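J.: got a structure for you, letters missing:
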């Protein structure tokens, strides 16, 4: 059976049948390598493809009227990219590779076959899409109502929890692979302000940095500072169709 990183991601929520794994693997039959900085999709492009990210990091973003960039979401291996494009004929956001990456594009209409054949997978996609929406709502509330320190703390925790969904080796440290400018563009801060908050958290013993890795030294305190809720856990799966 072909290996699917998307299936591995979904299997973290519920066990998948062989038929479901095979159906998901079909979405990854045509991997494509992209270089760091490559634009995969531009806002208002006609949408013909959706993507599964197999390796590397990507992000979605929009350019604001004043020319500033708002990063909407960072994607990790196993993520389905393009859920926002499923309901529009033109892309509502741009997609760019943050690192060298491997993406698996598939025709938008291939999703119809998957949903027809695998209703439980369809339900899982619905669940994960809503979890993503709730996480986005959390960040929107954070942008409007919390301090710079709280925003940085919440962002680091969200990245940490999302990365370790598919990487069981992660315990308290992770490779963020984001510049301070990219962090700032995600949470509405300048890179200078992000740097100041990270240094402050280091001085307080909340985090440490070494060779590009961030270690969370006091997760409970970071959660308190960031008013953070982990949206990757405590999902109600009792309503899902039986596989």
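T.: Everything's here; your move. Here the structure is a predicted model, which means the values were calculated and not measured.
J.: report the rounded mean pLDDT for the helix or strand where residue 113 lies.
T.: Using DSSP states H and E, the element containing residue 113 is helix 110-117. Helix 110-117 carries an average pLDDT of 86.
J.: beta partners for residue 58?
T.: Following DSSP bridges, residue 58 is listed with bridge partners residue 75, residue 97.
J.: so how far is residue 239 from it?
T.: 31 Å (Cβ to Cβ, to the nearest Å). C-betas here are computed from N, CA, C, even on glycine.
J.: please apply the same query to residue 172.
T.: Where residue 239 is concerned, residue 172 sits at a distance of 33 Å (Cβ to Cβ).
J.: how about residue 8?
T.: The separation that residue 8 has from residue 239, given Cβ to Cβ, amounts to 23 Å.
J.: picking up where we left off before, more neighbours: which of residue 58 and residue 239?
T.: residue 58 (24 against 7; other Cβ atoms under 10 Å).
J.: next up, the contacts around that one.
T.: 40, 74-75, 81, 95-98, 101, 103 (Cβ atoms under 8 Å, 6 or more residues apart in numbering).
J.: tell me the centre residue of this protein?
T.: Centroid check for the chain by Cα atoms, centre = their mean gives residue 75 as the closest residue, at 3.5 Å.
J.: touching, that residue and residue 93? I think so.
T.: No - with contact defined as Cβ atoms under 8 Å, residue 75 does not reach residue 93; the gap is 11.5 Å.
J.: can you list the domains in the chain?
T.: Residue ranges for the domains of the chain, per automatic domain parsing: 5-118, 147-226.
J.: distance to residue 126 added to those, as JSON lines?
T.: Formatted as JSON lines, those follow (distance: least, Cβ to Cβ, whole Å):
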{"stretch": "domain 5-118", "distance to residue 126": "10"}
{"stretch": "domain 147-226", "distance to residue 126": "18"}
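J.: in the protein, where is pLDDT below threshold?
T.: Scanning the chain for pLDDT under 70 picks out 1-2, 243.
J.: that one: strands as residue ranges?
T.: 32-34, 39-41, 49-55, 58-63, 69-75, 80-81, 94-97, 101-107, 173-175, 207-210, 213-216 (DSSP state E).
J.: tell me the contacts of residue 224?
T.: With Cβ under 8 Å, 6+ apart, residue 224 has no contacts at all.
J.: buried stuff in the longest helix seen in the chain?
T.: Scanning the chain for the longest helix, with DSSP state H as the assignment, gives helix 119-145. Buried positions in helix 119-145, judged by neighbour count with 16 or more other Cβ atoms under 10 Å: 120-121, 123-125, 127-128, 132, 135, 138-139, 142.
J.: give me the number of residues near residue 180?
T.: Using other Cβ under 10 Å, residue 180 is surrounded by 18 other residues.
J.: closest to residue 235 out of the domains of the chain?
T.: Among those, domain 5-118 comes nearest to residue 235, with 6.7 Å by Cβ to Cβ.
J.: measure the closest one end to end?
T.: 17 Å (Cα to Cα, to the nearest Å).
J.: related to what we said a few turns ago, make CSV from the strands of the chain and add distance to residue 116 to it.
T.: Shown next, in CSV, are the strands of the chain (distance: least, Cβ to Cβ, whole Å):
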stretch, distance to residue 116
strand 32-34, 26
strand 39-41, 26
strand 49-55, 16
strand 58-63, 27
strand 69-75, 26
strand 80-81, 17
strand 94-97, 27
strand 101-107, 14
strand 173-175, 37
strand 207-210, 46
strand 213-216, 42
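J.: buried sites along stretch 59-66?
T.: 59-61.
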